[in-house]
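Participant: Sequence and predicted structure, then a few things I'm wondering about:
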Amino acid sequence: MELSLIQKDILITLITLYHQKSHSIKGEEIADMILRNPGTVRNQMQSLKAIGLVDGVPGPKGGYIPTQLAYKELNLNISEGDYDVPISRDGEIIKGAHVQEIDFTTLCHPDICHAVIKLVGSAKIFEIGDRITIGPTPVNKLLLRGEVFGKDEVKQALLIATSEMISLPKQPIKSYMSTPLKALTVSQTIRDAVSLFHKHHIHGAPVLDGENLAGIVTMSDVVKVIDQGLPLDTPLPSVMTRDVVQAPSDIKLFDVIRRFKEREIGRLVVTEDGKPVGILTQSDILRVFPSL
């Protein structure tokens with residue numbers, strides 16, 4: 001069957017919202033997304049319902065849901081459990097669309113790399129010149145950055161000039177952490193911390209109480225103590241940070257990167273069975289992918 005442009009727009013928006021919310025979608029929600037009159041959407045919905053592409057759900061919480069035929073008509077192979085590959089603009093994830101397919105059209109060109117991004121969602125919410133980030137993808141953890149230089153509102157696709165591609169490491173953080181662990185104890189002092197930092201050329205270390213993690217002390221803590229005029233024999237428990245960011249050694253590296261940004265930290269303590277075994281720093285991450 002041959003659908004009009006507005007029918008395709010309404011149908012793809014219905015599918016996108018339905019996958020986001022897992023319940024029937026009202027015509028007004030679709031109208032808001034595609035910037036159309038709600039009456040126009042309702043009229044088109046009746047036509048789509050008549051040809052078997054949508055079903056109506058009655059009641060005050062009712063609306064519309066896509067049928068299996070709708071997915072087939074739009075060549076969408078979306079099944080339960082599929083991973084939604086996100087699109088971000090200016091650091092914020094776009095709610096009205098995600099990526100179904102990435103097609104590199106000029107991968108072998110020596111100077112440019114263009115890609116066609118097929119969406120589940122409406123291309124209308126993007127503008128020429130938007131700088132977007134796509135991913136990470138589920139298998140290879142591909143992260144793609146680029147600028148929108150065109151869009152196909154019939155096929156719901158974006159044309160982008162890629163500026164960067166990163167494949168995020170899938171190895172656990174124990175593959176990248178600093179080990180063996182350089183640690184201090186609760187019985188030691190700032191002088192001991194300075195000595196340890198100088199000897200091993202590091203800028204921070206966990207503080208242990210027996211085998212248990214009690215806190216962490218950094219070079220910034222040392223400088224602050226000296227500026228305050230406190231003696232170097234000040235016990236570490238008086239100056240250390242007790243709220244230590246930790247992560248198990250088997251967690252994937254790409255899963256902990258956000259913690260560094262959200263908590264504004266330079267390092268975290270890696271643990272196994274609740275015991276500290278290593279340190280992961282921003283420097284360790286930058287050695288893996290310096291473009292982040």
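Facilitator: Great, that's in hand.
Participant: show me where the stretch 151-292 of the chain has strands.
Facilitator: Secondary structure of the stretch 151-292 of the chain (DSSP state E, counting those that start in this stretch): strands located at 157-167, 184-185, 204-209, 212-218, 246-248, 267-272, 275-281.
Participant: Do a quick rundown of the helices in the chain.
Facilitator: 5-21, 27-34, 38-50, 68-73, 190-200, 219-227, 253-263, 282-288 (DSSP state H).
Participant: Out of those helices, which is closest to Ala157?
Facilitator: Closest approach to Ala157 among the helices of the chain (C-beta to C-beta): helix 5-21, 11.0 Å. In this view, the C-beta of every residue, glycine as well, is placed from N, C-alpha and C.
Participant: buried set for the closest one?
Facilitator: Neighbour-count burial for helix 5-21, counted by 16 or more other C-beta atoms under 10 Å, picks out Gln7, Lys8, Asp9, Ile10, Leu11, Ile12, Thr13, Leu14, Ile15, Thr16, Leu17, Tyr18.
Participant: related to what we said a few turns ago, least confident of the strands of the stretch 151-292 of the chain, on average?
Facilitator: With a mean of 88, strand 157-167 has the lowest mean pLDDT of those.
Participant: That strand vs helix 253-263, what angle?
Facilitator: Our comparison of strand 157-167 with helix 253-263, counting by axes from the mean of the first three to the mean of the last three C-alpha atoms, to 10 degrees, yields an angle of 100 degrees.
Participant: Show residues contacting strand 157-167.
Facilitator: Contact partners of strand 157-167, identified using C-beta atoms under 8 Å, 6 or more residues apart in numbering, comprise 104, 112-119, 123, 126, 132, 140-152, 289, 291-292.
Participant: Now do the buried residues in it.
Facilitator: Residues of strand 157-167 classed as buried by neighbour count (16+ other C-beta under 10 Å): Ala157, Leu158, Leu159, Ile160, Thr162, Met165, Ile166.
Participant: From the chain's centroid, how far away is it?
Facilitator: Relative to its chain's centre, strand 157-167 lies at 16 Å (C-alpha atoms, centre = their mean, to the nearest Å).
Participant: rewinding a little: and Cys108, which of the helices of the chain is closest to it?
Facilitator: Counting by C-beta to C-beta, Cys108 lies closest to helix 282-288 out of the helices of the chain; the figure is 26.8 Å.
Participant: what's in contact with the closest one?
Facilitator: Residues outside helix 282-288 that contact it (C-beta under 8 Å, 6+ apart) are Pro169, Tyr176, Met177, Ser178, Leu253, Ile257, Phe260, Gly266, Arg267, Leu292.
Participant: Equivalent analysis for stretch 39-53, please.
Facilitator: Residues outside stretch 39-53 that contact it (C-beta under 8 Å, 6+ apart) are 1, 6-7, 10-11, 27-28, 30-31, 34, 54-56, 64, 66-67, 69-70, 73.
Participant: Now list the buried members of those residues.
Facilitator: Using 16+ other C-beta under 10 Å as the burial test, the contacts of stretch 39-53 include 7, 10-11, 27, 30-31, 34, 54, 64, 66-67, 70, 73 as buried.
Participant: hang on, the earlier thing: closest to Thr185 among the buried residues of helix 5-21?
Facilitator: Thr16 (55.2 Å).
Participant: Quick one: residues contacting the nearest residue to Val194 once chain neighbours are set aside.
Facilitator: Closest residue in space to Val194, ignoring its immediate chain neighbours: Val222 at 6.0 Å, by C-beta to C-beta, 6 or more residues apart in numbering. The neighbours of Val222, taking C-beta under 8 Å, 6+ apart as the test, are Ile190, Ala193, Val194, Phe197.
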